[in-house]
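Colleague: From the sequence below, what's the structure:
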Amino acid sequence: MATPAWLNKANIKISLDARPLLASGIHPLEQVMKESATLHIGEIFEIITPFPPVPMIEKMEAAGFDYFSEQQDSSFHTFFMKK
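Modeller: Next comes the predicted model:
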């Protein structure tokens, strides 16, 4: 998947490294949904996970976000842009 034109890293307003949360047994979906609700159109939420967050991607798409995910070393950076 090619990097989308909307992915301007200057528009990342929230970034969450969820790896420590996941390692302690906490699923970040509720936090992501709550924080992403504060974004304006065109703003981006970034989440860093040790695996592709497929269920989260599905929920965020249903909530009106575009997404792009890429692997960087041993982690996945997923970007959600509010449409």
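
Colleague: Can I take it that Glu61 is in a helix?
Modeller: Yes - counting by DSSP: H, G, I helix; E, B strand; the rest coil, Glu61 is located in a helix.

Colleague: Ala18 versus the residue of the chain most remote from its centre, what's the distance?
Modeller: Among the C-alpha atoms of the chain, the one most distant from their mean position (CA atoms, centre = their mean) is that of Ser24, at 19.3 Å. Ser24 is 11 Å from Ala18, where distance means CB to CB, to the nearest Å. Backbone N, C-alpha and C define where each C-beta goes, glycine included.

Colleague: can you check Asp73 too?
Modeller: Counting by CB to CB, the gap from Asp73 to Ala18 is 16 Å.

Colleague: for the record, mean pLDDT for stretch 48-55?
Modeller: Averaged over stretch 48-55, pLDDT sits at 96.

Colleague: What of stretch 12-26?
Modeller: 97.

Colleague: Contacts made by it with the rest, please.
Modeller: Residues outside stretch 12-26 that contact it (CB atoms under 8 Å, 6 or more residues apart in numbering) are 27-28, 31-32, 35-36, 38-39, 43-50, 53, 75, 79.
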